[in-house]
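Asks: would you be able to build a 3D model of this:
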Amino acid sequence: MVRWLGAGPREGVCETGGVSTTRSTAAGKVLEVLSAFDREHPAQTLSEIAQRTGLALSTTHRVVMELAGWGALERGEDGSWHVGLRLWEIASGCPRTQILRDVALPFMQDLYEATHENVQLAVREGTELVFVERIAGHRSVELLTSVGTRFPVGSTGMGRVLLAHAPRDIQEEVLGSPQRAWTPHTVTDPRTLRTQLDRIRREQVFLSDRQLSESTVAVAAPVRIGRTGPVSAALGIVLAAPDAGRARGLREPLLRAAYGISDELGRRTRPTG
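Replies: Below you'll find the model as predicted:
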């Protein structure tokens, strides 16, 4: 499998399954090896990398050695390989998220201090959402999500906020596809989802009740580029399901933070001169 961050399969992202169309090129082999690493497979032996990519062991060895020499991969004391610091250095400069995270973090910190709950920031990637920042305390409820993880855009409260403001073709692609029921409470009916998306566009805030996990509820709002500009991200607060009543009271502080981020993004990206 090859997958890299861009704007989604219909917007410039390459996603292939099975035999890669890029494997015949040197760059394709490098991407195959790098894409073998994820949160479920953070460290792997050479044989495991070859098995996951489908590359010959000799080819895998050559590519891994080249990547290690550059710093993209590092070898642990047990002999297994994991992603190296050099890749993190490059990824941290991604322009799509760097400004967003720099602007959002102070507002997220204020929101956390006011709530002491998980505060998350996510962007849409085609029909998926990617979590790009998170603040959590030792008393915050445990989450399935973490920075860098991806989920189908319709599966979380933040994702539905992003979907509500996505291009029409993305909405139709999602609503026209089977939706996974993560919990007995997950909404999967397309008509009900359309109604939710309409309400999100009207009310700007969405309360997600045990959609991804039976132990959590969330409240989410859009982040725009300027107060009336396009939606660039979603900001959310996640708390324990028994506190669902309290989640409704977080609407106003969440909106204030989302508006603050939006206003600052508008100022940062406004043309000068």
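Asks: how about the helices in the stretch 151-273 of the chain?
Replies: All helices of the stretch 151-273 of the chain, identified by DSSP state H, counting those that start in this stretch, fall at 157-164, 168-175, 190-203, 244-248, 251-269.
Asks: of these, which stretch is the most buried?
Replies: helix 157-164 (a mean of 28; mean count of other Cβ atoms under 10 Å). Heads up, the C-betas are built off the backbone N, CA and C, glycines and all.
Asks: what is that one packed up against?
Replies: Packed against helix 157-164 by the contact rule (3 or more Cβ pairs under 8 Å, 6 or more residues apart in numbering; DSSP states H and E) you find strand 118-125, strand 128-135, helix 168-175, helix 190-203, strand 206-209, strand 216-224, strand 231-240.
Asks: rerun that using 10 Å as the cut-off
Replies: For helix 157-164, the packing partners by 3 or more Cβ pairs under 10 Å, 6 or more residues apart in numbering; DSSP states H and E come out as strand 118-125, strand 128-135, strand 150-152, helix 168-175, helix 190-203, strand 206-209, strand 216-224, strand 231-240.
Asks: adding mean pLDDT and distance to Thr149, write the helices of the stretch 151-273 of the chain out as a markdown table.
Replies: What follows is the helices of the stretch 151-273 of the chain, written out as a markdown table (pLDDT from 0 to 100; distance: least, Cβ to Cβ, whole Å):
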| stretch | mean pLDDT | distance to Thr149 |
| --- | --- | --- |
| helix 157-164 | 95 | 12 |
| helix 168-175 | 95 | 18 |
| helix 190-203 | 94 | 22 |
| helix 244-248 | 80 | 22 |
| helix 251-269 | 93 | 21 |
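Asks: surely Thr186 touches Gln179?
Replies: Yes - with contact defined as Cβ atoms under 10 Å, Thr186 reaches Gln179; the gap is 7.4 Å.
Asks: returning to that earlier point: in TSV: the helices of the stretch 151-273 of the chain, plus distance to Glu32.
Replies: Below are the helices of the stretch 151-273 of the chain laid out as TSV (distance: least, Cβ to Cβ, whole Å):
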stretch	distance to Glu32
helix 157-164	28
helix 168-175	26
helix 190-203	35
helix 244-248	42
helix 251-269	35
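Asks: minimum distance to Arg86: which of the ones you listed has it?
Replies: Nearest of the helices of the stretch 151-273 of the chain to Arg86, taken as Cβ to Cβ: helix 251-269 at 27.8 Å.
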